[in-house]
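Asker: fold the following.
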Amino acid sequence: MWFFTGPSLAYGPGAIEFLASLQSKKSMIVADRALVKGGLVAPVVEQLTKAGAEVEVFGEVDPEPLMSRVQEGAEVARRFAPDLIIGFGGGSAMDVAKAVYALYERPELTVYELTPIVDMVLGVKSRLVQIPTTSGTGSETTWATILTEGEGGRKLELAHRELVAKWAILDPLLTRSMPARLTADTGADALCHAVESMSSDWSNPFSDALAKEAVLLIFRYLPRAMKVADDPDARENMHYAATMAGLSFGNSQVTIGHALGHAFGSVFHVPHGRAVGLFLPYAIEYNFASAKPKFGNLSQVLGADSVRSPQDLSARVRSLWDEIGMVRTVPEIGGITRERFESSLPDLVRRTDESTCVTTNPRSPSKKEIEEIFRAAWDGRPVTL
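Answerer: Numbers count the residues shown, from 1 in each chain. Next comes the predicted model:
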């Protein structure tokens, strides 16, 4: 027996106004530090206060959030005692909001216990609402939270179905100020979610349907969103595509591309979307033989009549990457010497091998194969394992 899990969605330009109808008395906003500093949290506060809620803002979330930040947020929640917890920002803010929500509801738990094998029983004290301000992470829909164990530490891939938000509010007007580089990185992340979801061992008819539509929308609208920042159609369709991809992988899981990206991003401090985007073509090439029917479906979505080789399919992704300025090799990132890369390989391989993302990969990678994929990404050559 399988389940399909997701939040209720309020979407469309101006959808943030839905907050005023949630009848909260005490609302806690968990937000990206940059959004708080730039005053961009004001519309959320305005909607809540207009409805009579007392508001507390925890605006200390940085990219690649540490577990210690979650503990700080949980302490704020326990003191304030909100009936509504709102994640506002990119994936980091929404991931922290999930963990804060869990530890507020169940103060006896630790972050390490946010796993499917622990009975949670959440939602007694509060409800969780997610509001993404970027179009890519899909965290507003999923039951996963990605946290970093410490400075330079490994990424923890934590998950529980009760971490899925009660509501996700998709207001494309909130994405109008996204700079081009962030648009590219988050858009690449969304495509990775959709493609990896379709090739996952846990893919299913419902996740595939959403992934296919997400792929179509991303190929059509991501270049437009890059070229014209305030293109309303491009922003709206990218915002919805990111959520479709999130619903897809949230119910089928990602694969080795994310395992490689998580390891690489944590070691070299590369933004998440850029890291996983770098490895998507190589992951397609590695998994192709083990998931050819699934990749055949993807090829048809992209308008190809047949799949002749993994390189035919990965080339379609690389062509999009060229159009949006996404890196295709490790050296293109800059600041990583060959010596540093080589010395980091054992750590990169270990982190990838330990990632839960390889659990649903259609092919079980050996450590030697993982190392070869990393080397291919350095050289920019196809993976032919």
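Asker: drop to CA atoms for contacts and neighbour counts, all remaining ones
Answerer: Will do.
Asker: ok so Ile85 is a helix residue?
Answerer: No: counting by DSSP: H, G, I helix; E, B strand; the rest coil, Ile85 is not part of a helix but strand.
Asker: give the bridge partners for it, please.
Answerer: Met28, Leu128 (DSSP bridges).
Asker: and it, how many neighbours?
Answerer: Number of residues near Ile85 (other CA atoms under 10 Å) recorded here: 27.
Asker: likewise for Ala42?
Answerer: Ala42, neighbours per other CA under 10 Å, totals 12.
Asker: what does the pLDDT read for it?
Answerer: In this prediction, Ala42 carries a pLDDT score of 94.
Asker: can you pull out the low-pLDDT segments for the stretch 51-200 of the chain?
Answerer: Along the stretch 51-200 of the chain, the parts satisfying pLDDT under 70 run over 151-152.
Asker: all strands for it, in order.
Answerer: Along the stretch 51-200 of the chain, the stretches classed as strands by DSSP state E, counting those that start in this stretch are 54-61, 84-89, 127-132, 144-148, 155-159, 167-170.
Asker: Leu278 contacts Val327, correct?
Answerer: Yes: contact criterion CA atoms under 8 Å: Leu278 and Val327 qualify, at 5.9 Å.
Asker: out of the strands of the stretch 51-200 of the chain, which comes closest to Glu342?
Answerer: Evaluated over the strands of the stretch 51-200 of the chain, closeness to Glu342 peaks at strand 155-159, with 20.8 Å, by CA to CA.
Asker: and the closest one, which strands flank it?
Answerer: Assessed with DSSP bridges, strand 155-159 is paired to strand 144-148 (antiparallel).
Asker: mind saving the C-alpha coords of the partner strand as PDB?
Answerer: C-alpha atoms of strand 144-148 as PDB (Å, rounded to 0.1, in the frame of the first residue of the first chain):
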ATOM      1  CA  ALA A 144      11.800  16.200   4.500                       C
ATOM      2  CA  THR A 145      14.100  18.700   6.300                       C
ATOM      3  CA  ILE A 146      17.700  19.100   5.400                       C
ATOM      4  CA  LEU A 147      20.000  20.300   8.200                       C
ATOM      5  CA  THR A 148      23.700  20.600   8.700                       C
END
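Asker: quick revisit: which of Leu278 and Val327 has more neighbours?
Answerer: Between Leu278 and Val327, counting by other CA under 10 Å, Leu278 is the more crowded of the two (28 against 19).
Asker: what bits of the stretch 251-385 of the chain have low per-residue confidence?
Answerer: Using pLDDT under 70, the stretch 251-385 of the chain drops low at 303-308.
Asker: give me the nearest residue to Leu345, chain neighbours excluded.
Answerer: Glu371 (6.9 Å; CA to CA, 6 or more residues apart in numbering).
Asker: now the most centrally placed residue in the chain: closest residue in space that isn't a chain neighbour?
Answerer: Against the mean C-alpha coordinate of the chain, by CA atoms, centre = their mean, the closest residue is Thr137 at 2.9 Å. Spatially, and ignoring its direct neighbours in sequence, Thr137 is nearest to Gly91 (5.3 Å; CA to CA, 6+ apart).
Asker: gap between that neighbour and Val276?
Answerer: To Val276, Gly91 is 14 Å away according to CA to CA, to the nearest Å.
Asker: what do you get for Ala81?
Answerer: 37 Å.
Asker: equivalent analysis for Ser319, please.
Answerer: 16 Å.
Asker: higher neighbour count, these two?
Answerer: Between Ser319 and Val276, Val276 has the larger neighbour count (other CA under 10 Å), namely 29 against 12.
Asker: return the residues in contact with that one.
Answerer: Contact analysis of Val276 by CA atoms under 8 Å, 6 or more residues apart in numbering lists Ala188, Asp189, Cys192, Gly257, His258, Leu260, Gly261, His262.
Asker: please name the nearest non-neighbouring residue to it.
Answerer: Nearest in space to Val276, with sequence neighbours left out and distances taken as CA to CA, 6+ apart, is Gly261 at 4.2 Å.
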